[in-house]
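Colleague: Task: produce atomic coordinates for the following.
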Amino acid sequence: MTYTSSNTTPVLEKKSMTLGYPEAKVIVLDDDVNTFEHVVDCLIRIIPGMTEEFAWERAHRIDKEGSAQVWQGPLEQAELYHHQLASEGLTMAPIEKV
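Modeller: Numbering: from 1, shown residues only. Here you go, the predicted model:
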C-alpha cells in the first residue's frame, strides 16, 4: 500500500529580509549663547557637503522656529556629528531616530 498526497504544502517558507542601517536626524536648538556666525561656521566645518548658503538658511530657521534639522543619515554618523556640534557649544536636541 502506498500513500500519496496531491496537496503538498511546505511547512516553512524561507523569506529573505533586508534590514536597513538605522537612520537618525541631527537637530540644532535655538539658544541665547551662540551667534549666527558661530552656528554657520560649525555647520560648514562639521557637516559634509554643507554649503554656506544652506548653513545660513538653517541658522535663520533655528532662530525663527526654535530648531532645525541640519543632517539626516546613518545613525553612527549622526551620533558623530551630534557630538562634534555639541562640543562646539551648540545646543542640540537628542538624536531622533528615523
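
Colleague: What are the boundaries of the strands in the protein?
Modeller: 23-29, 67-74, 91-92, 96-97 (DSSP state E).

Colleague: Just put those strands in TSV and tack on mean pLDDT and distance to residue 13.
Modeller: Bear in mind the C-beta positions are built from the backbone N, C-alpha and C, glycine included. Shown next, in TSV, are those (pLDDT from 0 to 100; distance: least, Cβ to Cβ, whole Å):
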stretch	mean pLDDT	distance to residue 13
strand 23-29	98	29
strand 67-74	98	31
strand 91-92	98	45
strand 96-97	96	31
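
Colleague: Could you dump the ones you listed into a markdown table and include distance to residue 44?
Modeller: Compiled in a markdown table, the strands of the chain are given as follows (distance: least, Cβ to Cβ, whole Å):
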| stretch | distance to residue 44 |
| --- | --- |
| strand 23-29 | 13 |
| strand 67-74 | 11 |
| strand 91-92 | 17 |
| strand 96-97 | 22 |
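
Colleague: among the ones you listed, which is the most enclosed?
Modeller: Stretch with highest mean neighbour count among the strands of the chain: strand 23-29 (a mean of 19; mean count of other Cβ atoms under 10 Å).

Colleague: Can you list the helices and strands that that strand packs against?
Modeller: helix 52-65, strand 67-74, helix 75-87, strand 91-92, strand 96-97 (3 or more Cβ pairs under 8 Å, 6 or more residues apart in numbering; DSSP states H and E).

Colleague: Please save the CA atoms from stretch 34-46 in PDB.
Modeller: Presented in PDB, the C-alpha positions along stretch 34-46 are these (Å, rounded to 0.1, in the frame of the first residue of the first chain):
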ATOM      1  CA  ASN A  34      25.600  81.100  20.000                       C
ATOM      2  CA  THR A  35      25.900  83.700  17.300                       C
ATOM      3  CA  PHE A  36      24.600  83.100  13.700                       C
ATOM      4  CA  GLU A  37      28.200  83.200  12.600                       C
ATOM      5  CA  HIS A  38      29.300  80.500  15.000                       C
ATOM      6  CA  VAL A  39      26.400  78.200  14.100                       C
ATOM      7  CA  VAL A  40      27.100  78.700  10.400                       C
ATOM      8  CA  ASP A  41      30.900  78.100  10.900                       C
ATOM      9  CA  CYS A  42      30.200  74.900  12.800                       C
ATOM     10  CA  LEU A  43      27.800  73.500  10.300                       C
ATOM     11  CA  ILE A  44      30.100  74.100   7.400                       C
ATOM     12  CA  ARG A  45      33.100  72.600   9.200                       C
ATOM     13  CA  ILE A  46      31.300  69.500  10.600                       C
END
